[in-house]
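Colleague: curious how this folds, go ahead:
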Amino acid sequence: MKKIQMVDLKGQYEQIKEQVNQSIQEVLDTTAFINGPQVHQFQKALEDYLDVKHVIPCANGTDALQIAMMGLGLQPGDEVITADFTFAATVEVIALLQLTPVLVDVDPDTFNISVDAIKKAITPKTKAIVPVHMFGQAANMEAIMAVANEHNLFVIEDNAQAIGANYEYADGSKKKVGTIGHVASTSFFPSKNLGCYGDGGAIFTNDDELAYKLRGIVNHGMYVRYHHDVVGVNSRLDSMQAAVLNAKLPKLDIYNDARQLAAQKYDAAFAGHANIVTPVVKGDKGSHVFHQYTLRILNADRNALMQHLIDKGIPCAIYYPIPLHSQKAYADSRYNEADFPVTNQLVNEVISLPMHTELDDEQIKFITDSILEFLK
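Modeller: The predicted model follows:
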């Protein structure tokens, strides 16, 4: 059996080596390392894939979130509601811009932000909601947009984990996540479903005026060289990373299909087990692209299980071990533990298993057998 990886980037590269190498060589041949043809090619291809009017590439997913908020003109003290159960980057940029983060609880099934919790958190200072499509599953965007429209709020989708996923509306129509809110961000960190070989990110919007502003912000606030019309940052997707993404984007649906198939095999192995809650998928198959395959372990020692897997050479991880409201950087007297029952439970139960495009049946069987052995 091949060595099991949490994310097998080398195995994936071996399958697309020729395309990646050729794409990178084109950058070397042209020496257009910043804002070169590969960047513009990727931007257009991703716009077509997502069916969104504007993709603004940038240096990383955290920058993408920050620039999206800058483009909306949010002001210090404005409140921004987001999920307590997510990676710190989501709240980090809110704090960096001197906005006020408002953390709320999540849904116990999907781990996505709770719409009821959003409603309870809205105040006259609330200006935006940041739903995170957690672990690859679309958040309840129809309900979130309804709340946002009712209260005249911006919606900034954090799509770092779910590129390629669909959101299915009540009427059966579908849109790609990241194209529903006023603006969205994503990350191309190497382990993502669509990852480059370094840092990279992008912002999506259908708003022409906002897109124009964002394009200036990512490039020092310039639309004409040395004319700085807005306060900007230096956040560009370099051509080398765009070259890798150009080789991988045509395969994104294939990659997501492979993840979904691996998830189905995990599900089948764990079906009906009293101590295991497998991921709950809301909507059709395409609504969850399994950036992570995350179990909840009930009435058993999750940490001991983790050590058992590590001892067997099976990588695993806890996303996320500490809620954001309990982090030193984001602690606030406004928060009460009683407001986060689901998050506080999840951090003691969740464990994420290897999930990538190169997982094979032998590896999945070894992983699942090892878990079932521990929980027997």
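Colleague: give me the distance between residue 285 and residue 162.
Modeller: Distance, residue 285 to residue 162, using Cβ to Cβ, to the nearest Å: 14 Å. (C-beta placed from N, C-alpha, C; glycine too.)
Colleague: looking at these two, which is more packed in?
Modeller: Set residue 285 next to residue 162 and count neighbours by other Cβ atoms under 10 Å: residue 162 wins out with 31 against 14.
Colleague: and the helices in the stretch 201-350 of the chain?
Modeller: Secondary structure of the stretch 201-350 of the chain (DSSP state H, counting those that start in this stretch): helices at 208-217, 239-248, 252-270, 302-311, 341-346.
Colleague: what does the stretch 51-200 of the chain give?
Modeller: With DSSP H, counting those that start in this stretch as the criterion, the stretch 51-200 of the chain has helices spanning 61-71, 89-96, 115-121, 141-151.
Colleague: find me the pLDDT at the closest residue to residue 375 other than its chain neighbours, would you?
Modeller: Computed as Cβ to Cβ, 6 or more residues apart in numbering, the closest residue to residue 375 that is not its neighbour in sequence is residue 275, at 4.9 Å. For residue 275, the model assigns a pLDDT of 98.
Colleague: residue 275 contacts residue 298, doesn't it?
Modeller: Yes. Between residue 275 and residue 298 there is a contact under Cβ atoms under 8 Å: 5.3 Å.
Colleague: in JSON lines, list the helices of the stretch 201-350 of the chain along with mean pLDDT and distance to residue 33.
Modeller: Below are these laid out as JSON lines (pLDDT from 0 to 100; distance: least, Cβ to Cβ, whole Å):
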{"stretch": "helix 208-217", "mean pLDDT": "98", "distance to residue 33": "19"}
{"stretch": "helix 239-248", "mean pLDDT": "98", "distance to residue 33": "5"}
{"stretch": "helix 252-270", "mean pLDDT": "98", "distance to residue 33": "25"}
{"stretch": "helix 302-311", "mean pLDDT": "98", "distance to residue 33": "40"}
{"stretch": "helix 341-346", "mean pLDDT": "98", "distance to residue 33": "42"}
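Colleague: looking at those helices, which is buried most?
Modeller: Across the helices of the stretch 201-350 of the chain, averaging neighbours per residue (mean count of other Cβ atoms under 10 Å) puts helix 239-248 on top, at a mean of 25.
Colleague: next, the angle helix 252-270 makes with that one.
Modeller: Helix 239-248 runs at 70 degrees relative to helix 252-270, counting by axes from the mean of the first three to the mean of the last three Cα atoms, to 10 degrees.
Colleague: residues touching stretch 183-190, excluding its own?
Modeller: Outside of stretch 183-190, the residues within contact range by Cβ atoms under 8 Å, 6 or more residues apart in numbering are 7, 9, 60-62, 64-65, 67-68, 71-72, 154, 156-160, 163, 177-178, 192, 194-205, 207, 210, 214, 237, 241, 245.
Colleague: redo that, cut-off 7 Å
Modeller: With Cβ atoms under 7 Å, 6 or more residues apart in numbering as the test, stretch 183-190 has contacts from 9, 60-61, 64-65, 68, 71-72, 156-160, 163, 178, 194-197, 199-205, 210, 241, 245.
Colleague: ok, back up a step: neighbour count: residue 275 and residue 298, which is higher?
Modeller: Legend: neighbour count by other Cβ under 10 Å for residue 275 and residue 298, higher for residue 275 (18 against 14).
Colleague: quick one, what contacts the more buried one?
Modeller: Counting by Cβ under 7 Å, 6+ apart, residue 275 has contacts 297-300, 375.
Colleague: please identify which of those is nearest to residue 92.
Modeller: When the contacts of residue 275 are compared for distance to residue 92 (Cβ to Cβ), residue 297 wins out at 28.7 Å.
Colleague: I figured the closest one hits residue 305, correct?
Modeller: Yes. When contacts are counted by Cβ atoms under 7 Å, residue 297 is listed as touching residue 305 (6.1 Å).
Colleague: overlap in contacts of the two?
Modeller: residue 351.
Colleague: the stretch 51-200 of the chain: strands as residue ranges?
Modeller: Ranges of strands in the stretch 51-200 of the chain, per DSSP state E, counting those that start in this stretch, are 54-58, 79-83, 100-104, 126-130, 154-158, 166-168, 174-176, 183-187.
Colleague: so what are the sheet partners of the last one and their directions?
Modeller: Yep, that's strand 183-187 we're talking about. Sheet pairing for strand 183-187, assigned by DSSP bridges, gives strand 154-158 (parallel), strand 201-205 (antiparallel).
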